[in-house]
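J.: fold the following.
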Amino acid sequence: MPSSLPDGLCKITLEKEFDNQSFHCTGSYLGNGHVKTAGHCLHKAKVKYLNCKGSDKTFYVEEEKVFPSYDHLLLNREEFNRWRDHALLKLKTLPNIPAFVHVSSKERFHELQQKFSVCLISGYGINEANPGATGFLHGSSFSPKILSLKNELLYVEGDYRVELMPGDSGGPLLCRFEQTWYDLGTASAHNWQHDSLFAPNFAAKDWFNLFPTNQFHLNQYPELQKEFVIAAELTIGHTYYLLPYSEVSSDEGSFFNGDNSFTKITVTKIERERVYGIVESLGSSSFFMCEDDFLCYGKVVEGVVSKDRILEKRYLFKK
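T.: Below is the predicted model:
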């Protein structure tokens, strides 16, 4: 219940740059006027204000900084890239609320891991008790035994009751030892196995202290080489993958699948270099908001694709 959740959990209200619509993420207060959240929350968006549990005041942001290693084009392509998903907000006024203890080294994490009595996923997102609304603080406790570190990410093993949902992004992974709540990482996403993924604080250990200017500039439309043409002959009725940044023509118009490497096509007809089929936009993508003529997450269309954009196996992004 929210009344039993610790103070210092913050609801961050943001505004999208492309349509000025409001949405929200979650954050955690680190002390010294700084709130930690997810880097992807600030992508093409600006913070309007914050409200934090433990204070009846509204807080405004003096400075927003995204972790310099954050790369939005890589973030949703493969799970292991989510270690980059960090951002800090510097508030104009200091909240009079307690801060979480920030675990900023892998050694400290391993030292504490065996001592934790309970852990907590919390946030202002959708939850099972109130699936029709977001913006209400909720939380679920879980055993530290289902918490693990792999691929430089913190995983909470699949359990729908504690699964991260939209609006929970940026919230802290909290675990308690004695009477102290420790902040281990930043809520980033959940995967298809319903694991909740957290970017560990120690991935950005030095940066959290320096609070540097982010010099990264997003290259939104990278060129992909043409040598990825499928080797085998296409077969009607079989399902294949599309290269990222492929165009799909349909009766609804032309769409692009953006950076989505999970987009599939089930072939129904082949005419020279044009392949007809059922196109499904599945998996992770930066463009799930359906902006700028990109295929929506979960969208299925009858479409036409150029033959040289089709692969037998999913394309894996590497940096």
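J.: right, and the helix or strand after the strand or helix carrying residue 275?
T.: For residue 275, the host element (DSSP states H and E) is strand 274-280. Tracing the chain past strand 274-280, the next element assigned as helix or strand by DSSP H and E is strand 300-306.
J.: who are the packing partners of that next one?
T.: Here strand 300-306 touches strand 247-250, strand 264-271, strand 274-280, going by 3 or more Cβ pairs under 8 Å, 6 or more residues apart in numbering; DSSP states H and E. Where you see a C-beta, it was placed from the backbone N, CA and C, and this is true even at glycine.
J.: can you redo the ones you listed as CSV with mean pLDDT, distance to residue 165 and mean neighbour count?
T.: Formatted as CSV, these follow (pLDDT from 0 to 100; distance: least, Cβ to Cβ, whole Å; neighbours: other Cβ atoms under 10 Å):
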stretch, mean pLDDT, distance to residue 165, mean neighbour count
strand 247-250, 85, 29, 18
strand 264-271, 94, 25, 15
strand 274-280, 93, 23, 19
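J.: poorly predicted segments of the stretch 151-300 of the chain, please.
T.: Counting by pLDDT under 70, the stretch 151-300 of the chain contains low-confidence ranges at 159-162, 179, 209-232, 258-259, 283-297.
J.: that one: helices as residue ranges?
T.: Applying DSSP state H, counting those that start in this stretch to the stretch 151-300 of the chain gives helices spanning 205-210.
J.: ok so, going back, roughly how far is the strand holding residue 275 from the heart of the chain?
T.: Distance, stretch centre to chain centre, for strand 274-280: 29 Å (Cα atoms, centre = their mean, to the nearest Å).
J.: can we start the residue count at 56 from this point?
T.: Fine by me, first position is 56 from now on; the one you just mentioned is strand 329-335.
J.: and the strands in the stretch 156-305 of the chain?
T.: Ranges of strands in the stretch 156-305 of the chain, per DSSP state E, counting those that start in this stretch, are 156-157, 173-178, 193-197, 202-205, 208-211, 227-232, 235-245, 251-255, 294-297, 302-305.
J.: looking at those, which is buried most?
T.: strand 251-255 (a mean of 26; mean count of other Cβ atoms under 10 Å).
J.: tell me the strands beside that strand, with direction?
T.: strand 208-211 (antiparallel), strand 235-245 (antiparallel) (DSSP bridges).
J.: show me the contacts for residue 115.
T.: 104, 105, 146, 147, 148 (Cβ atoms under 8 Å, 6 or more residues apart in numbering).
J.: make TSV out of the residues you listed and add distance to residue 190.
T.: As requested, those are exported to TSV (distance: Cβ to Cβ, whole Å):
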residue	distance to residue 190
104	13
105	13
146	20
147	23
148	23
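J.: quickly list the domain ranges of this structure.
T.: 57-265, 281-366 (automatic domain parsing).
J.: tell me the most buried of those?
T.: domain 57-265 (a mean of 19).
J.: re earlier: who does the strand holding residue 330 pair with, and is each partner parallel or antiparallel?
T.: For strand 329-335, pairing defined by DSSP bridges yields strand 319-326 (antiparallel), strand 355-361 (antiparallel).
J.: closest to residue 197 out of these?
T.: Comparing the strands paired with strand 329-335 against residue 197 with Cβ to Cβ, the closest turns out to be strand 319-326 (33.4 Å).
J.: could you export stretch 172-181 as CSV, CA atoms only?
T.: Taking Å, rounded to 0.1, in the frame of the first residue of the first chain, the C-alpha atoms of stretch 172-181 are listed here in CSV:
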residue,chain,number,x,y,z
SER,A,172,15.5,-8.9,4.1
VAL,A,173,13.0,-7.6,1.4
CYS,A,174,13.1,-5.7,-1.9
LEU,A,175,10.5,-3.4,-3.5
ILE,A,176,9.4,-2.4,-6.9
SER,A,177,7.4,0.8,-6.8
GLY,A,178,6.3,3.6,-9.1
TYR,A,179,3.5,5.7,-10.5
GLY,A,180,2.6,3.5,-13.5
ILE,A,181,-0.1,1.1,-14.4
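J.: SS state for the spatially closest residue to residue 258 that is not a sequence neighbour?
T.: In this structure, residue 258 finds its nearest non-sequential neighbour in residue 138, 4.4 Å apart by Cβ to Cβ, 6 or more residues apart in numbering. Assigned with DSSP: H, G, I helix; E, B strand; the rest coil, residue 138 falls in the helix class.
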